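Trainee: Quick one, fold the following:
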Amino acid sequence: MPHQWVIDRGCIEKEVDVNRYSVCRNRIVIRMKNRLALIIILLMAGGALIVTVAFMLDRYGENSISVTSSPYRGTVYDPPLELTNFTLPASTGMNVSLSDLQGQWVLMFFGYTHCPDFCPMTLTEYRQVMEILEGDSAQLQVVFISVDGERDTPDILSDYMARFDPEFIGLSGDDATLTRLQSEFGLYYQRQEDTVRQGNYLVDHSTHSYLIDPQGRLRIAYAYDTDRHILAESIREMIRQS
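Mentor: Next up, the predicted model:
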């Protein structure tokens with residue numbers, strides 16, 4: 001049987017018999033089915049996104065969170081989130097309430113003094129941020145809240161804060177107070193029970209940094225790996241806008 005060229009919806013093949021022509025058509029059908037599947041997947045993904053957005057709007061209402069880039073490089077709470085007042089024993093030797101800190105900006109972190117990595121690295125970065133801020137640092141108070149109050153007494157926290165900056169304030173958290181703060185800060189912490197040996201244990205905890213304005217409202221949550229220069233410049237921008 002002589003060869004002949006068959007053109008079918010963009011598929012050009014040299015044909016020998018009917019079977020070869022059928023293969024060509026099947027290949028077209030497969031491509032069409034793949035395209036249809038892709039369209040269906042995209043439509044389903046779009047529907048899921050709409051449902052998620054609707055849920056977030058219903059869940060958070062006016063306290064919805066928006067993510068922005070320059071100049072803040074963090075999760076911005078717009079409008080600012082009103083925070084529950086709390087009081088905890090402090091490294092200063094007195095009890096300190098969140099309301100006591102009103103009138104100044106607060107950079108806050110949750111951790112514990114036996115932390116092997118995130119906490120000392122974050123507090124070292126905070127010290128560098130204060131240096132970068134120079135004169136603006138006078139309007140910023142660093143607060144470290146321990147999620148391990150059983151071991152982190154005010155005296156222990158005082159010594160620990162002095163390693164980084166004696167002006168930093170450490171608060172000894174208790175479970176009742178920390179539980180009340182979990183929803184507002186998205187706080188997570190849990191003792192690793194399998195590491196408990198004669199009072200030595202590790203505590204898993206969230207690692208965000210929080211910027212609180214002079215009215216005691218949460219303004220920004222920074223990811224752990226935020227560069228210190230970006231952190232400092234965004235804080236400076238917020239201070240100068242206030």
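
Trainee: Quick one: list the elements packing against the strand ranked longest in the chain.
Mentor: Taking DSSP state E as the criterion, the chain has its longest strand at strand 74-82. Secondary-structure packing of strand 74-82 (3 or more CB pairs under 8 Å, 6 or more residues apart in numbering; DSSP states H and E): strand 65-68, strand 217-222. Quick note: C-beta positions are derived from backbone N, CA and C, even for glycine.

Trainee: any idea which of those scores lowest on pLDDT?
Mentor: Least confident of these, judged by mean pLDDT, is strand 65-68 with a mean of 46.

Trainee: Which strands and helices lie in contact with the helix or strand following the longest strand of the chain?
Mentor: Next helix or strand after strand 74-82 toward the C-terminus (DSSP states H and E): strand 87-89. Packed against strand 87-89 by the contact rule (3+ CB pairs under 8 Å, 6+ apart) you find strand 95-97, strand 169-172.

Trainee: hmm, who's touching strand 87-89?
Mentor: The contact list for strand 87-89 (CB atoms under 8 Å, 6 or more residues apart in numbering) reads 95, 96, 97, 98, 145, 153, 154, 171, 172, 173, 174, 177.

Trainee: hmm, 6 Å instead?
Mentor: 95, 97, 154, 171, 172, 173 (CB atoms under 6 Å, 6 or more residues apart in numbering).

Trainee: what about that strand, average pLDDT?
Mentor: According to the model, strand 87-89 has a mean pLDDT of 98.

Trainee: List the buried residues for that strand?
Mentor: 88, 89 (16 or more other CB atoms under 10 Å).

Trainee: Give the partner strands of it in its sheet and their orientations.
Mentor: Using DSSP bridges, the strands paired with strand 87-89 are strand 95-97 (antiparallel).

Trainee: Name the spans of the chain whose pLDDT lies under the cut-off.
Mentor: Residues of the chain meeting the criterion pLDDT under 70: 1-73, 195-198.

Trainee: Tell me which stretches of it form helices.
Mentor: For the chain, the helices defined by DSSP state H occupy 18-60, 118-133, 154-162, 175-185, 228-241.
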